[in-house]
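Student: got a sequence here, can you build the structure:
(one chain, ligands or ions: 1)
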Amino acid sequence: MRVRFAPSPTGALHIGGVRTALYNYLLAKKMGGTFVLRIEDTDQKRYVPGAEDYILEALRWCGIEPEEGPGIGGEYGPYRQSERKHLYADYAQQLVDSGNAYYAFDTDEELTKMRADYEAEKKVFKYDHSVRRQMNNSLTMDADAVKARLASGEPYTIRLKVPTDELVNISDLVRDKVQFQSNELDDKIMMKGDGMPTYHLANVVDDHLMKITHVIRGEEWLPSTAHHVLLYRAFGWEDTMPKFAHLPLILKPTGKGKLSKRDGAKLGIPVFPLSWNDDKPEDSFVGFREFGFDPGAVVNFLAFLGWNPGTEQEMFSLAELCEAFSVEKIGKSGARFDFDKAKWFNQQYLMATDNAQLAKEVRPSVEAAGYTADDDMMESFVGMLKERVTFITDFVETGYYFFEPVKAYEEKMIRKKWKPDNRAKFEELSQFITNMEDFSPENVTEKVKAWINEDSGMGFGAVLPILRIATSGTMKGPDVFAMMSLLGKEEVVSRLQKGYDAFDAIKNNA
Ligand code: GLU
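Tutor: Predicted structure coming up:
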């Protein structure tokens, strides 16, 4: 088995593209096959610098490593179509020579006029079997005239001569049998006026030369497949034609239609793997990575957009997906892009990741906020918060108080819980803490609990919220004793003192 991911570097790679790459990769891994990356950059008008690097970086971030591709090498290179330019003309010529294609000299102006004339009659112009005999092409000229025009250097295209009155059958691994009536198909351009092949020609020629056995791609390519099947036939390559599998559309989070890049901006959610900065703000996007997603969670989420294992299991590592994946379980109907589900996967991943690894992933955002912390501190910090956050970037946001004094107190709680008359008792608590020698989490838990029980004259319900809010500002933090231990004795005592003053003031203003 040889599969390929064949993106065009026309901008940032949409998350749907990552899913296509992932499914190809998983299938290759499962079957002991080879996963090839091919860059389809023959459309010079749509080429965007930086897009190829983006594709590679996005795949690498997800752990989807091609075995052959640009910069990687392999037996069937080069893997960038712009570097294979010299190949395609011969194949186009073969098509002409065998009567499966023809030269077309129609100028852009002529074609534009034709389209306008059709539109005026509320019809849509299609360059197909019904009009080809009225057009300016080698089918309507004698051989000498064709020769002369070719020799004159005027630009021309080569078009596929789609056979008439035939059913083109496609057997698709996801959709079973799909049929196209050939009369519905246009005579697609194979070679453009600039001497570059179109997607269709280059794609089929390269799949053949690179010995691709399975073409797995998005559903939007299904109509093109009819032309591709005709091309395999025209070249006489039907015996080695790859098997096709067209993946279901990814649908908008709500409502009708497929997920688009605009949905991301509209809903404030990522629909690209990595951030992309364009000169135009409307073409700049925040990525899953920058949003604070763990790549494992993104891969897990994407795997389920159009596939499921047929069991209850939802959490899969990339290696487990490679084991479990199968084409038979790819769905036919569109898969809804459910961002809450993506968040859920991320939470599960954070909880399941060990603290040392998580500390490494969280450190950059801690440092970016201007804080410093050693590894032990980082590990305890992430360990305490990992069940309370959704994104990598949430750690430092929700847990800033591990690195600097509390910025704001939950005042409502203070108004309810702070009794100025108890201040003397709380001062005793500060003193009690000051006198402690062992400030390990276990000892803090044991001793402070004992103090509350035996010496405070107040219940847990009166003391713990005050301790929490004085040290962290919030009721939503982690275990209060573990948190105190990590902050350290002096810091806790200083926060308590500051807290008591602030709480008195809050009460006075109330
Ligand atoms: N270059 C096409 C794309 O951008 C490839 C489609 C295919 O896989 O054949 O998606």
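
Student: what about the strands in the stretch 151-300 of the chain?
Tutor: Along the stretch 151-300 of the chain, the segments classed as strands by DSSP state E, counting those that start in this stretch run 157-160, 167-172, 176-181, 189-191, 214-218, 243-247, 250-251.

Student: of these, which is nearest the ligand?
Tutor: Ranking those by proximity to the ligand (Cβ to the nearest ligand atom) places strand 214-218 first, at 3.5 Å. All C-beta spots, glycine's among them, are computed from the backbone N, C-alpha and C.

Student: close to the ligand, is the closest one?
Tutor: Yes: Strand 214-218 reaches the ligand (Cβ under 6 Å from any ligand atom) through residue 217.

Student: quick one on the thing from earlier: now render the strands of the stretch 151-300 of the chain as a markdown table, adding mean pLDDT, distance to residue 143 and mean neighbour count.
Tutor: Below are these laid out as a markdown table (pLDDT from 0 to 100; distance: least, Cβ to Cβ, whole Å; neighbours: other Cβ atoms under 10 Å):
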| stretch | mean pLDDT | distance to residue 143 | mean neighbour count |
| --- | --- | --- | --- |
| strand 157-160 | 98 | 16 | 25 |
| strand 167-172 | 96 | 30 | 14 |
| strand 176-181 | 96 | 32 | 12 |
| strand 189-191 | 98 | 19 | 24 |
| strand 214-218 | 98 | 37 | 22 |
| strand 243-247 | 98 | 38 | 20 |
| strand 250-251 | 97 | 50 | 20 |
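
Student: residues in contact with the closest residue to the ligand within the stretch 51-200 of the chain?
Tutor: As assessed by Cβ to the nearest ligand atom, the ligand sits closest to residue 199 within the stretch 51-200 of the chain, at 5.8 Å. By Cβ atoms under 8 Å, 6 or more residues apart in numbering, the contact list for residue 199 reads 8, 40, 42, 43, 224.

Student: can you list contacts of stretch 298-307?
Tutor: Contacts of stretch 298-307 (Cβ under 8 Å, 6+ apart): 15, 18-19, 22-23, 26, 62-64, 247-248, 250, 273, 288, 314-318, 321, 325, 329-331, 335, 337, 341-342, 345, 349.

Student: sitting in helices, which of the residues you listed do you find?
Tutor: Among these, DSSP state H puts 15, 18-19, 22-23, 26, 62, 288, 318, 321, 341-342, 345, 349 in helices.

Student: in those, find the pair that's most separated.
Tutor: 23 and 349 (20.3 Å; Cβ to Cβ).

Student: of those two, who's got more company?
Tutor: Taking neighbours as other Cβ atoms under 10 Å, residue 23 and residue 349 compare with residue 23 leading, 26 against 23.

Student: picking that back up, same list (the contacts of residue 199) but as a markdown table, adding pLDDT.
Tutor: A markdown table is the format used below for the contacts of residue 199 (pLDDT from 0 to 100):
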| residue | pLDDT |
| --- | --- |
| 8 | 97 |
| 40 | 97 |
| 42 | 92 |
| 43 | 90 |
| 224 | 97 |
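
Student: show me which of those residues neighbour the ligand.
Tutor: Answer for those near the ligand (Cβ under 6 Å from any ligand atom): 8, 40.

Student: tell me the one of the contacts of residue 199 nearest residue 364?
Tutor: residue 8 (31.6 Å).

Student: surely that closest one and residue 38 touch.
Tutor: No: with contact defined as Cβ atoms under 8 Å, residue 8 does not reach residue 38; the gap is 10.1 Å.

Student: the two: which has the busier surroundings?
Tutor: Using other Cβ under 10 Å, the more surrounded residue of residue 8 and residue 38 is residue 38, with 26 against 20.

Student: I figured the more buried one was touching residue 210, is that so?
Tutor: Yes: between residue 38 and residue 210 there is a contact under Cβ under 8 Å: 7.1 Å.

Student: need the residues touching each of those two.
Tutor: Common neighbours of residue 38 and residue 210 (Cβ under 8 Å, 6+ apart) are residue 4.
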